[in-house]
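[1] Sequence plus the predicted model coming up.
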Amino acid sequence: MPQHKSARKRVRTSARKRLYNRMNKSMMKSAIKDLRLTTDKAAAEHKYRNVSAVLDRLSTKGIVHKNFAANKKSKLARFVQSLG
């Protein structure tokens, strides 16, 4: 149990941020999985734009590292290009 007023507030704030981060990471993973399961190139290109925007937004907010986002975008772009 926190003893100080600021520590109590930190516990509440951390819990809120944890839920927010979990929600966003879950959304990101679901979008990536949905893109990976796509076999149509036109649909994949459309989904790639959405996933790319999500990754950029999360890296800007600091939820994921910018290099992680760049690496994922690069690999997903290669995947989309490989579709015939």
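    Structure's in. What do you need?
[2] got the buried residues for the longest helix along the chain?
    As assigned by DSSP state H, the longest helix anywhere in the chain is helix 5-36. Residues of helix 5-36 classed as buried under the neighbour-count rule (16 or more other C-beta atoms under 10 Å) are Asn24, Met28, Ala31, Ile32, Leu35. For every residue, glycine as well, the C-beta is placed using N, CA and C.
[3] from those residues, which is closest to Asn71?
    Ile32 (11.9 Å; C-beta to C-beta).
[4] Quick one: residues contacting that closest one.
    Applying C-beta atoms under 8 Å, 6 or more residues apart in numbering, we find Ile32 in contact with Val51, Lys72, Leu76.
[5] same deal with Arg49?
    With contacts taken as C-beta under 8 Å, 6+ apart, Arg49 has no neighbouring residues.
[6] tell me the centre residue of this structure?
    Taking C-alpha atoms, centre = their mean as the criterion, Met28 is the residue nearest the geometric centre of the chain, at 3.4 Å.
[7] thinking it is in contact with Ser59, fair?
    No: counting by C-beta atoms under 8 Å, Ser59 is not a contact partner of Met28; they are 10.2 Å apart.
[8] for Asp40, what are its contacts?
    Asp40 neighbours (C-beta under 8 Å, 6+ apart): Leu83.
[9] who's in contact with the residue lying closest to Val11 once chain neighbours are set aside?
    Distances taken as C-beta to C-beta, 6 or more residues apart in numbering place Pro2 nearest to Val11, at 5.6 Å, with adjacent residues excluded. Pro2 is in contact with Arg8, Arg10, Val11, counting by C-beta under 8 Å, 6+ apart.
[10] ok, now how distant is the last one from Met1?
    As judged by C-beta to C-beta, to the nearest Å, Val11 and Met1 stand 9 Å apart.
[11] The second one now?
    Plainly put, Arg10 is 13 Å away from Met1 if you go by C-beta to C-beta.
[12] What of Thr38?
    Using C-beta to C-beta, we find Thr38 at a distance of 49 Å from Met1.
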